[in-house]
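*Asks:* fold the stuff below for me.
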Amino acid sequence: MQKHPVPDSIHPECWANALATRALGKGSICYAREMTSTNVVLRQMAREGAPHGSLCLCETQSAGKGRLGRSWHSPEGQGLWLSVLLRPQLAPAQSPLITLCAALAMQRAVSRTCGVQPAIKWPNDLVLTDKKLCGVLLEMSATPERLDWVIVGTGLNTGSGAYPPELAHQATSLQDHGVMIPRREILAAYLPELEDVISRLAQEGFSGLMQEYMDKSCTIGRRVKVSGSVTLEGVAVGLDESGALKVQTDDGQEHIVLSGDVSVRGVMGYV
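*Replies:* Numbers count the residues shown, from 1 in each chain. From the prediction side, this is the model:
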């Protein structure tokens, strides 16, 4: 682990000993000032046998990644750039639900520590005043019978420099809303919340978390546009127990959206 003396330090010596979790953050922890991508580094650690709960975090990423192959801007000290390794007792078919659970865990953590109430844009973005605050990227290794490991990468914009100026109409940060909470406090709140939702997912399935997720959603009840393997427009009317989005088109038909790029009217620049 490499020390990096910044005022708002996320070095493990600042938070790891007081972390209120059973396993997350208790395994191997890799910290550096700069990484290519926390997901990439943690993927290699997973292949080498790193235990459940291992973490990678850094001050800046040179090749941060978002969903659907997009790049993720990750300037130094301006966000919480973090990946968590899970080896959950879940069936491979349940793995897509982990991304919804990660968004819910971060929503809880930000709400509890920062005094603002971000909403969840399906499946896993957090938005504040309808601009993107946080994204989640899931990677995994599985066979049809067994889920080996899952990496949950999160990028939370904390400082106003977290995103380039040309994205100001779509992106926001906690500092933009007057929030100056140390990143380590958000991290120390997020890991127990992630542990809780993953445990509940294993014990109860998504049904035990679905209502909370929908209550915090900015997608349900709004008009959406879906692109990808399926292209359609309509109103998002709910979720099913697999976490898929139910969209009712103007002809009254209900469609199940399992994946793809979903734009929500009024959110992140979609009008």
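*Asks:* so how far does stretch 197-214 reach from one end to the other?
*Replies:* 15 Å (Cα to Cα, to the nearest Å).
*Asks:* I should have written stretch 88-102 there, sorry.
*Replies:* 13 Å.
*Asks:* go on, stretch 40-59?
*Replies:* Span of stretch 40-59 from end to end, Cα to Cα: 15 Å.
*Asks:* chain center to it: distance?
*Replies:* 16 Å (Cα atoms, centre = their mean, to the nearest Å).
*Asks:* ok, and what's touching it?
*Replies:* With contact meaning Cβ atoms under 8 Å, 6 or more residues apart in numbering, stretch 40-59 is reached by 4, 6, 10, 21, 23-35, 38-39, 63, 65, 76-77, 80-88, 139, 141, 149, 151, 153, 187. Just so you know, the C-beta spots here come from the backbone N, C-alpha and C atoms, and that holds for glycine as well.
*Asks:* so which of those sit within strands?
*Replies:* Applying DSSP state E to the contacts of stretch 40-59, the entries found in strands are 29-35, 80-86, 139, 141, 149, 151, 153.
*Asks:* in ChimeraX, how would I select the buried members of the residues you listed?
*Replies:* Command for ChimeraX, covering only those of the ones in strands among the contacts of stretch 40-59 found buried under the criterion 16 or more other Cβ atoms under 10 Å:
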select :29,30,31,32,35,80,81,82,83,84,85,86,139,149,151,153
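*Asks:* quick one: mean pLDDT for stretch 60-70?
*Replies:* Mean pLDDT, stretch 60-70: 70.
*Asks:* what do you get for stretch 34-44?
*Replies:* The average pLDDT within stretch 34-44 is 96.
*Asks:* so which bits of that stretch are buried?
*Replies:* Of the residues in stretch 34-44, those buried (16+ other Cβ under 10 Å) are Met35, Ser37, Thr38, Asn39, Val40, Val41, Leu42, Arg43.
*Asks:* which single one of these is nearest to Val110?
*Replies:* Thr38 (18.7 Å; Cβ to Cβ).
*Asks:* wait, the closest one touches Val84, no?
*Replies:* No - checked against Cβ atoms under 8 Å, the pair Thr38 and Val84 is beyond contact range at 9.2 Å.
*Asks:* list the helices and strands the stretch of helix or strand Leu100 belongs to packs on?
*Replies:* Assigned by DSSP states H and E, Leu100 falls within helix 95-114. The contact analysis (3 or more Cβ pairs under 8 Å, 6 or more residues apart in numbering; DSSP states H and E) places helix 95-114 against strand 119-121, strand 125-128, strand 131-142, strand 147-157, helix 183-204, helix 207-215.
*Asks:* which one is Ser227 nearest to, not counting chain neighbours?
*Replies:* Spatial nearest neighbour of Ser227, chain neighbours left out: Asp261 (4.9 Å); criterion: Cβ to Cβ, 6 or more residues apart in numbering.
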